[in-house]
Structures are given as structure tokens and as C-alpha cells.
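Peer 1: dropping the sequence and predicted coords here.
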Amino acid sequence: MRGAEALPFIPQFALAPVLSPNHPPYSALRTPHSPTIFLPMPQSPVYLDHAATTPVRPEVLDAMLPYLGSEAFGNPSSAHHFGRVARAGVEQARQQVAEALGAEPGQVVFTSGGTEADNLAVLGAALAARKRDGAMAVVVSAVEHKAVLAAAHAVAELGGLEIVLPVTRQGIVQMDALDQSLVHRPAVVSVMWVNNETGVIQPILEIAQRCESAGVPLHTDAVQAMGKVEIDVTQAGCSLLTISGHKIGAPKGIGALVVRRPDMVEPIVHGGSQQAGVRPGTENVPGIIGLGRAVELATAERANEAARLTTLREALLGHLRSAIPGIVVVGDGGPLAPHVLNVLIPGTDSEAMIMHLDLAGIAVSTGSACNTGAVEPSHVHTAMGIPAKQAVTAIRFSLGHESSSDDIVRAAEVVPGCVAKVRKLSGALGAARG
């Protein structure tokens, strides 16, 4: 072996330094020219965290590459040939997104991702209402993504009103609370289509009908719905809708907000005149091209992919229920998206489970947030009435385009053993404390 060049390529997250127990600290071994030797995991890692992010699909990368090189690198605001080529690509992608979502191309506003789009929808709608001398009030559900909740908090800090809707134990918005909130004639109601933690599907059509009857715009965060459930912004009656690229095989840093009428939102970023001034700034051309292609693929494949992912999810759940008595599915009994399985595993804690699963080559997420070393229940689980002691045992498995039956088999082999280890460790720690 001739130094680091002779090592095969191994993904960075699958690497671990090889150190002898007799070696001095690793930092003492390093020299400017000494190679780092890595040991691959025994098996290829299994990625079951697609609700967090997805790899860029090859078809998407192929579409982007010309806009990353000398062929189409221009600024789409420039009048010369290079600018026109870039502009044509942007407008083609805008058309792709509009067709997929049942919108008009002029209604598609590209953003830096889902968080910015959510902020533009919620905060932008509140600012627009204030400009019209309307009520600077926003209504959001208690299980929204933090991007929406934080935007609602920002409205309150600006002197507006923030109304948070409760949900049922299945995570569905309580309709009587929605009706009561509409009396305030809020600037916008924001309810996510598919929950990112639990996969619970909200009755968006019914919510939209109630909002429309009250003359109130509805925004829905459809980041997790894209490519998993059928979306038509016109038929659904949504005024504003958010999508994000990196959840569907496009790169990070690109998203879009459908704005049915330009006067619905005030810009929250100020600068140039791009995108009619609703979201100014030089467009992320390669990202936009990637988003357009990814949305096109996700829409074309949706029906088959949803059925395939449902089969995989149910297979995984069946294995887990057989091997782990007492497992609880969050949102069970309600409508669930095909790609998300959120479970409570008694006798464990989610942070320890994720660590053990990661070491065993299984990548998943938790429904809890780790703050200063203390595991705290997710705000979504809390809103659903799940006790804190149960909520901190939550694990989220999320599937995607790359997920396979082999991944499910491998997870089914590994998870029960990790549960046993964590339960044993928890029991030992409990005995020591007692």
C-alpha cells in the first residue's frame, strides 16, 4: 500500500480510525504527511432517514451539470447570450414545478429552501395584512415544522397575534378550534400537509374549504407530501404552498413557494427586482434546474413509489412488532404518508438507540431534540398528548427512492438487538441510581 492513495473510496460516515490500544493519543500520531488509515464498517450502511434529506438523484445531477460549467453559467438577469441561456433554464424549471403542483408558472417563487419559503408565507402574509390595515394575526397548528412556528413567533414579536391550534391524539388539527380562530380573520392559516416527524396526513381539502368560506388564505408546508401524496394546489384550495428540493433528490439550498396572488405576501428579503420583487436576489440557477427535474420525477413516479414505500414500511413494522413487544406506532389509526414510520419503543431512549443503530450501520432519526445533553420530548409528540416518558423513546424510520427490501431486512435484523442493549444499559443505570 502506497499511503492514502492506495485506499479504496469509502463514504466518510462509514469510516473509523484504526488505532492500536498501545498508541499515544491520535493527535500525537498526526504529521503533515502521515496518512490516516480507516476501517470500513462490516456491512454497507443502511440509510433510513430520507425525511431528513435525500441523496441527489443521478438524473437531477445530469440536468444541473451544464449550469455548473461553461455552457450555461450566466446570470439570468443579464441581457446577453449567457444570461439568456440561464434564464431559459430557470423558466423551464418554473414550468416543471408549476405543472407538477397545478399552479401557473408565474405563481412559483424560488427560495433557498423550505425554511425560507415557510417564513415568506407566514411572515410575508402577516406583513401584507398590516400593509392593508388588516389583522396581523396568524394561525398555525401545534405540530408544524419549527420554521412555521418560529415565523409565527416573529409575527407576535412584531406586535401581531399568534394562534396555535391543538391537535387530536392522532395528530389531526381540531376543526372546532380552527373555526374559532377564523373569527379573528387572520392573515393566514398554516397547516402542514404531511408531518415531518410522524407522517400524519392532514385533511387539507377540508381545512382549505373552511378557510375559503371565511375568506382567509391557507398555507401548507408540503415538503414531506411532495412525491408521496397527490398535490394540486388549485383543487386543494391552497393559497400558498411550500416545497423543498433536498427531500426529493435535488440538492440542498433550493425550494419554492407557490403564491397564488402576488399581493398575498410582502417580501422578507429586499434587494433587486427578481421574481417580481417577492423574492429578490440572483437566482440559484443550478439548484433551480435540479428542483425542476426532481419535482418532475417525483410527480411521474408518485403512484408507484407510494405503493412501493407503503409495502416496505408495513414490512418493517411487521418485523418490529414481532420482535419488540409493546412497540407503539405514533399516529396509528389515522392517515399516514407512505414513507414515515414513527414508533415508541418502551424501555429505551431515542438518543441511545440512534447511537447504537448508527454503530451497527443503520441511520435513523429521533422525534426528540437533544438540548445540553438532556433528551426532551418533541413538540409534535407533546401536542399529540404523548407523555414525556414515552415521547423520549421515539424513533423515526423514513424511506425514499433508494430504499430497498434488503434495507428492511437488514434493519429488522439489527434493531431488536440494539433495543436489547439499550434496555440492558438503562436497567443497569437505573439500578446504580437506585
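Peer 2: Thanks, I have it. Residues are numbered from 1 along each chain as shown.
Peer 1: when you work out contacts or count neighbours from here on, use the C-alpha atoms and nothing else.
Peer 2: OK.
Peer 1: helices or strands up against whichever helix in the chain runs longest?
Peer 2: Secondary structure of the chain read by DSSP state H shows that its longest helix is helix 285-323. The contact analysis (3 or more C-alpha pairs under 8 Å, 6 or more residues apart in numbering; DSSP states H and E) places helix 285-323 against helix 58-64, helix 81-101, strand 340-344, helix 405-433.
Peer 1: where do the strands sit along the stretch 151-300 of the chain?
Peer 2: 161-165, 188-190, 218-221, 240-244, 255-259 (DSSP state E, counting those that start in this stretch).
Peer 1: pull up the pairing partners for the shortest one, direction included.
Peer 2: Listed by DSSP bridges, the sheet partners of strand 188-190 and their directions read strand 137-141 (parallel), strand 218-221 (parallel).
Peer 1: in terms of secondary structure, what does the helix or strand following the longest helix of the chain contact?
Peer 2: Later in the chain than helix 285-323, the nearest helix or strand by DSSP states H and E is strand 328-329. Strand 328-329 is packed against strand 340-344, with contacts defined by 3+ C-alpha pairs under 8 Å, 6+ apart.
Peer 1: residues making contact with the strand it packs on?
Peer 2: 51, 197-199, 313, 317, 327-330, 367, 390-391, 393-399 (C-alpha atoms under 8 Å, 6 or more residues apart in numbering).
Peer 1: same thing with stretch 376-395?
Peer 2: 142-144, 166-171, 197, 342-350, 353-354, 364-370, 375.
Peer 1: same thing with stretch 296-308?
Peer 2: With C-alpha under 8 Å, 6+ apart as the test, stretch 296-308 has contacts from Q96, V97, A100, M226, G227, K228, V229, E230, I248, P338, H339, H401.
Peer 1: distance check, E301 against D221.
Peer 2: 21 Å (C-alpha to C-alpha, to the nearest Å).
Peer 1: picking up where we left off before, the strands of the stretch 151-300 of the chain into CSV, with extra columns for mean pLDDT, mean neighbour count and distance to A151?
Peer 2: Formatted as CSV, the strands of the stretch 151-300 of the chain follow (pLDDT from 0 to 100; neighbours: other C-alpha atoms under 10 Å; distance: least, C-alpha to C-alpha, whole Å):
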stretch, mean pLDDT, mean neighbour count, distance to A151
strand 161-165, 98, 21, 10
strand 188-190, 98, 29, 11
strand 218-221, 98, 28, 13
strand 240-244, 98, 30, 14
strand 255-259, 98, 27, 15
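Peer 1: can you list those in TSV and add distance to D179?
Peer 2: Formatted as TSV, the strands of the stretch 151-300 of the chain follow (distance: least, C-alpha to C-alpha, whole Å):
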stretch	distance to D179
strand 161-165	10
strand 188-190	11
strand 218-221	13
strand 240-244	19
strand 255-259	24
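Peer 1: just to revisit the earlier point, would you list the buried entries among the contacts of stretch 376-395?
Peer 2: Among those, those classed as buried by 16 or more other C-alpha atoms under 10 Å are 142-144, 166-167, 169-171, 197, 342-350, 353-354, 364-369, 375.
Peer 1: who touches Q170 in this structure?
Peer 2: Contacts of Q170 (C-alpha under 8 Å, 6+ apart): V200, V330, G331, D332, G333, G334, M384.
Peer 1: how about 10 Å then?
Peer 2: The neighbourhood of Q170, defined by C-alpha atoms under 10 Å, 6 or more residues apart in numbering, consists of 198, 200-201, 330-336, 381, 384-385.
Peer 1: try R130
Peer 2: G124, M136, A137, G160, A187, E266.
Peer 1: now the one helix or strand it maps to: average pLDDT?
Peer 2: In the assignment (DSSP H and E), R130 maps to helix 114-131. Regarding helix 114-131, the rounded mean pLDDT is 97.
Peer 1: alpha carbons of that helix, as PDB, please.
Peer 2: Taking Å, rounded to 0.1, in the frame of the first residue of the first chain, the C-alpha atoms of helix 114-131 are listed here in PDB:
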ATOM      1  CA  GLY A 114     -38.400  25.100   2.800                       C
ATOM      2  CA  THR A 115     -37.500  27.300   5.800                       C
ATOM      3  CA  GLU A 116     -37.300  30.500   3.800                       C
ATOM      4  CA  ALA A 117     -40.500  29.500   1.900                       C
ATOM      5  CA  ASP A 118     -42.400  28.900   5.200                       C
ATOM      6  CA  ASN A 119     -41.200  32.200   6.600                       C
ATOM      7  CA  LEU A 120     -42.100  34.100   3.400                       C
ATOM      8  CA  ALA A 121     -45.600  32.500   3.600                       C
ATOM      9  CA  VAL A 122     -46.300  33.200   7.300                       C
ATOM     10  CA  LEU A 123     -44.400  36.400   8.000                       C
ATOM     11  CA  GLY A 124     -44.900  37.700   4.500                       C
ATOM     12  CA  ALA A 125     -48.700  37.200   4.700                       C
ATOM     13  CA  ALA A 126     -48.800  39.000   8.100                       C
ATOM     14  CA  LEU A 127     -46.800  41.900   6.800                       C
ATOM     15  CA  ALA A 128     -49.100  42.100   3.700                       C
ATOM     16  CA  ALA A 129     -52.200  42.200   6.000                       C
ATOM     17  CA  ARG A 130     -50.600  45.000   8.100                       C
ATOM     18  CA  LYS A 131     -50.000  46.900   4.900                       C
END
